[in-house]
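Chemist: curious how this folds, go ahead:
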Amino acid sequence: MSSVRTLEILIALFGIYFMSGSLTTPLTPAGSDASFGVQAIGALLGLGAILTLAATPGAINRVIVLYWPVLLLPALAVLSLVWSVDPALSFRRAGSLILTTFFGFWLVERFQPSIILRLFIWASIFVILTSTYAIFYVPKSGIHQLYDIEGAQHAGSWRGLFYHKNDFGRAIALSASTLLIAVFFNSKLRWIALPLFAFCALLVLRSNSSQGLMLYISVPSALVALVVLMKLRPIGRGMLLIFMIPLLLAVYMSSRIIFESILFFLGKEATLTGRTDIWAGVLLALQEDMMFGGGFGAGWEVVGVRLFALTGIDVGHAHNGYLDLATDLGMFGLFLTIGFLFWMAYLCLAALMRRRLRGIALLGLAVFIFTIAGNWVGSFLLKHNSLYWLTPVVVFCLMRQVFNPYGRSARGRSDGRLAKPGRDPGFPAATFGQFGCRW
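Modeler: Got it, this is the predicted structure:
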């Protein structure tokens, strides 16, 4: 392996780890809302990716012609500068989202899908190990303390390298789901992935994050069900789905009882610690900007003030990813984001059933379930410098290679991996070279 290739792999691994959020708190000065270090790293990763793509024959063409759906949401974030209540803030957030997106394009263009999957797995391993080190060897930062300026009520809860226990629990739950994919499809990493997956249960439990626990249980359970479904013949899948209909109806009819029982088990009451009151207030405060919001990253500056005036509730966000995104980009941006995620999930499910790029497809389905479920009480929908956006970008682009709308599907190898991007006859025949423009 050449030194240049080794450097690329290290940059890719570091970038994925960085976007897990593990370095955000360590690089942020105490009492500050922003970190120059985090901003600089994100900018370097994104700008380096753009320059490399510009120098790669055909890469920009594939971004615009084949991967264009991914660009819709960053474009909307940029467009929101027109109506943003804080254009400077929206400019920074939209710019960061674009850089994260192009880092995802760079990963797709520079690495085989099998290598990309291993990079995500190893990044998850490093997230777990580094946070574990902080908990046991730097407990003043790795565990919530009584003297914390914020979060003293969470004293004793593990938070690893993250600012808050819920962020830690969520990151560990996502890492555990990624490790489970390694257990299914990577025999070389299975020996370390399986014990670490089990160890994640302890980390999530000690974080005291009910959201983290819910995601740690529900997402891997869904992945196991998907793998079982994949292994069945089409007629077997159909029979299984038919038998599941009565079960789903029974679950729906008893959903309220199940919901209240789960909340009781997790130590929560029906209002989710007052979150339902916040959600109702946010919807009321959002009425004037319901369609397009207040600008990407800036919507809460208006909605938060209105919420306090209407209800007396003073919080920094809606405690709900869907509402937080609606405050920024309105219902238009919210439905566009959800539509993109469902499109990605549909492609992943189709690839999984056809046994194409199974590991990548399962990763996409994992982050889809994780995002749809987790944003009810968390807020990480369309988040810049984040795996929660980077992963859908990478997965969607790889799925577009498999299900190429411009020609026959990219022909994979016997192990389900694609040929190197740019050399496969399935890539779009319509290039900008036909219009007098060559990249």
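Chemist: P69: neighbouring residues, count only.
Modeler: Using other Cβ atoms under 10 Å, P69 has 14 other residues around it. The way it works is simple: take the backbone N, C-alpha and C, and place the C-beta from them, glycine included.
Chemist: gap between it and P392?
Modeler: 11 Å (Cβ to Cβ, to the nearest Å).
Chemist: what touches both of those two?
Modeler: F340 (Cβ atoms under 8 Å, 6 or more residues apart in numbering).
Chemist: which SSE is immediately downstream of the helix or strand harbouring F168?
Modeler: Taking DSSP states H and E as the definition, F168 sits inside helix 165-185. Proceeding N to C from helix 165-185, the next assigned helix or strand is helix 190-207, under DSSP H and E.
Chemist: can you tell me the element L146 falls in?
Modeler: Per DSSP H and E, there is no helix or strand for L146.
Chemist: how about the nearest residue to it, chain neighbours excluded?
Modeler: A155 (4.5 Å; Cβ to Cβ, 6 or more residues apart in numbering).
Chemist: how far away is that neighbour from K140?
Modeler: Applying Cβ to Cβ to A155 and K140 gives a distance of 12 Å.
Chemist: more neighbours: those two, which one.
Modeler: Remark: of A155 and K140, A155 carries more neighbours, 12 against 9, as counted by other Cβ under 10 Å.
Chemist: taking the centroid of this protein, which residue is nearest it?
Modeler: Ranked by distance to the mean C-alpha position of the chain (Cα atoms, centre = their mean), the top residue is Y388 at 1.5 Å.
Chemist: got the contact list for F168?
Modeler: Neighbours of F168 in contact, by Cβ under 8 Å, 6+ apart: 131, 158-162, 203, 207, 209, 212.
Chemist: I'd like the average pLDDT over stretch 219-235.
Modeler: The average pLDDT for stretch 219-235 rounds to 84.
Chemist: now do the helix holding F168: distance to the chain's middle.
Modeler: Per Cα atoms, centre = their mean, to the nearest Å, the displacement of helix 165-185 from the mean C-alpha position of its chain is 12 Å.
Chemist: pretty sure A77 is touching S90, no?
Modeler: Yes - counting by Cβ atoms under 8 Å, S90 is a contact partner of A77 at 7.4 Å.
Chemist: who touches both of those two?
Modeler: Taking Cβ under 8 Å, 6+ apart as the contact rule, A77 and S90 both touch F296.
Chemist: on that earlier part again, quick one: the residue nearest to L146 from P139, how far?
Modeler: 11 Å.
Chemist: now G293
Modeler: For G293, the distance to P139 equals 40 Å [Cβ to Cβ].
Chemist: can you check V394 too?
Modeler: On the measure of Cβ to Cβ, V394 and P139 end up 35 Å apart.
Chemist: and these two? Which one has more around it.
Modeler: Legend: neighbour count by other Cβ under 10 Å for V394 and P139, higher for V394 (29 against 12).
Chemist: which ones are touching the more buried one?
Modeler: 104, 107-108, 116.
Chemist: could I get the helix holding F168 in CSV with only the CA atoms?
Modeler: Provided in CSV are the C-alpha atoms of helix 165-185 (Å, rounded to 0.1, in the frame of the first residue of the first chain):
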residue,chain,number,x,y,z
LYS,A,165,-25.2,11.8,28.8
ASN,A,166,-27.9,11.7,26.1
ASP,A,167,-25.4,12.5,23.4
PHE,A,168,-23.1,9.8,24.7
GLY,A,169,-25.9,7.2,25.0
ARG,A,170,-27.0,8.0,21.4
ALA,A,171,-23.5,7.8,20.0
ILE,A,172,-22.8,4.4,21.7
ALA,A,173,-26.2,3.1,20.5
LEU,A,174,-25.3,4.0,16.9
SER,A,175,-21.8,2.5,17.3
ALA,A,176,-23.4,-0.7,18.6
SER,A,177,-25.6,-1.0,15.6
THR,A,178,-22.6,-0.6,13.3
LEU,A,179,-20.7,-3.3,15.2
LEU,A,180,-23.7,-5.6,14.8
ILE,A,181,-23.3,-5.2,11.0
ALA,A,182,-19.7,-6.3,11.4
VAL,A,183,-20.9,-9.4,13.3
PHE,A,184,-23.1,-10.3,10.3
PHE,A,185,-20.9,-9.5,7.4
